[in-house]
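Undergrad: Have a look at this prediction, sequence included:
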Amino acid sequence: MQTAKTKLKEFKLAGIYNCLEERLAFAKEKSLAYVDFLELLLEDETNSRRDNGYRKRYSKAKLPAHKTIEDFDFSFQPSIDKKTINDCLTCNFIREKQNIVFIGNPGTGKSHLAVAIGIKALMKNFKVIFTSVAEMLHTLNSAKADNSYNQKINYFLNPDLLILDELGFKKLPSYSADDFFEIIAKRYEKGSLIITTNKPFELWSDIFTDHILASAILDRIVHYSEVIKINGPSYRAKNLKKGGDLT
């Protein structure tokens, strides 16, 4: 047994290694045929590698919280078409290199939905990165000082799905708008985006100092996008009301 487990460890078959003794006992109890026993071991290895792969992708995604679609209260936001969200959860938009844009006031569930779709994408073996727009632009601007700019650009270009949260909370300086365009332009038709914003498209010129640049960014994002507008109250305001802190 020890020799077998040593070999399994050398071959990096952790799924079989961790379940071998349990499977041997089960096989003996059920008088399993050799081929059935082998199939069980291979299934253990497959499940182990899938789970390990998911955990690694989840860690690299940098999601701010674990928010699933099952936790989302659609009854509180009746303006959302649940069928549209379910279509997004299939992740076909990622396979087709398309985008999703959530537009709504703060607290209406945009980020929750973005994270929930991101989790589904991770479960389907897609690479995902989550970042606020402000954090991404700060990272890119800082990278110019230590010559790691191209490396950081590639970091945001590599995932199958890049989730950009909180676009429009404040106006971007011109150098940041250029960096934002760099990401959008290079991902265009090559990788998918989910963008959450509190600004309707007609006000995006207020976010960027250059109106022509704003138009170019908008054109590339919207060309292959599912636009989901949320016209509803804030979850956070609802919770405050329940606590008696908001009148």
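TA: Happy to help now that I have it.
Undergrad: any idea how far Thr131 is from Gly118?
TA: Distance of Thr131 to Gly118, computed by C-beta to C-beta, to the nearest Å: 11 Å. Glycine gets a C-beta too; all of them are placed from N, C-alpha and C.
Undergrad: okay, these two: which has more neighbours?
TA: Neighbours were counted for Thr131 and for Gly118 using other C-beta atoms under 10 Å; Gly118 has more, 24 against 20.
Undergrad: So for the more buried one, what's the pLDDT?
TA: pLDDT, Gly118: 98.
Undergrad: on that earlier part again, give me the common contacts of Thr131 and Gly118.
TA: Residues touching both Thr131 and Gly118 (C-beta atoms under 8 Å, 6 or more residues apart in numbering) are Ile163.
Undergrad: Quick check, Gly168 in contact with Pro200.
TA: No: between Gly168 and Pro200 there is no contact, the gap being 9.3 Å when judged by C-beta atoms under 8 Å.
Undergrad: These two: which is more packed in?
TA: Using other C-beta under 10 Å as the criterion, Gly168 and Pro200 rank with Gly168 on top: 19 against 12.
Undergrad: nearest residue to Arg23 other than its sequence neighbours?
TA: In space, Arg23 comes closest to Leu40 once its chain neighbours are excluded; the distance is 5.4 Å by C-beta to C-beta, 6 or more residues apart in numbering.
Undergrad: Report the distance from the longest helix along the chain to the chain centre.
TA: Under DSSP state H, the helix in the chain containing the largest number of residues is helix 34-61. Distance of helix 34-61 from the chain centroid (C-alpha atoms, centre = their mean, to the nearest Å) equals 22 Å.
Undergrad: residues of that helix that come out buried?
TA: Phe37, Leu40, Leu41, Asp44, Glu45, Ser48, Arg57, Tyr58, Ala61 (16 or more other C-beta atoms under 10 Å).
Undergrad: from the residues you listed, which two are the most distant?
TA: Using C-beta to C-beta, the pair of those lying farthest apart is Phe37 and Ala61, separated by 36.7 Å.
Undergrad: what ranges do the strands span in this protein?
TA: For the chain, applying DSSP state E gives strands covering 99-104, 128-132, 161-167, 192-197, 225-230.
Undergrad: For this protein, just list every one of the helices.
TA: Using DSSP H, the helices of the chain run over 2-10, 14-30, 34-61, 82-89, 92-95, 110-123, 133-143, 149-157, 174-187, 211-223, 235-243.
Undergrad: now these in a markdown table, with distance to Lys229?
TA: Shown next, in a markdown table, are the helices of the chain (distance: least, C-beta to C-beta, whole Å):
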| stretch | distance to Lys229 |
| --- | --- |
| helix 2-10 | 54 |
| helix 14-30 | 45 |
| helix 34-61 | 26 |
| helix 82-89 | 11 |
| helix 92-95 | 17 |
| helix 110-123 | 10 |
| helix 133-143 | 19 |
| helix 149-157 | 26 |
| helix 174-187 | 20 |
| helix 211-223 | 13 |
| helix 235-243 | 17 |
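Undergrad: just those: most buried one?
TA: helix 110-123 (a mean of 22; mean count of other C-beta atoms under 10 Å).
Undergrad: rewinding a little: select, out of the helices of the chain, the one closest to Thr68.
TA: Across the helices of the chain, closest to Thr68 is helix 110-123 (C-beta to C-beta), at 5.4 Å.
Undergrad: which helices and strands does the closest one pack with?
TA: Here helix 110-123 touches helix 34-61, helix 82-89, strand 99-104, strand 128-132, strand 161-167, strand 192-197, going by 3 or more C-beta pairs under 8 Å, 6 or more residues apart in numbering; DSSP states H and E.
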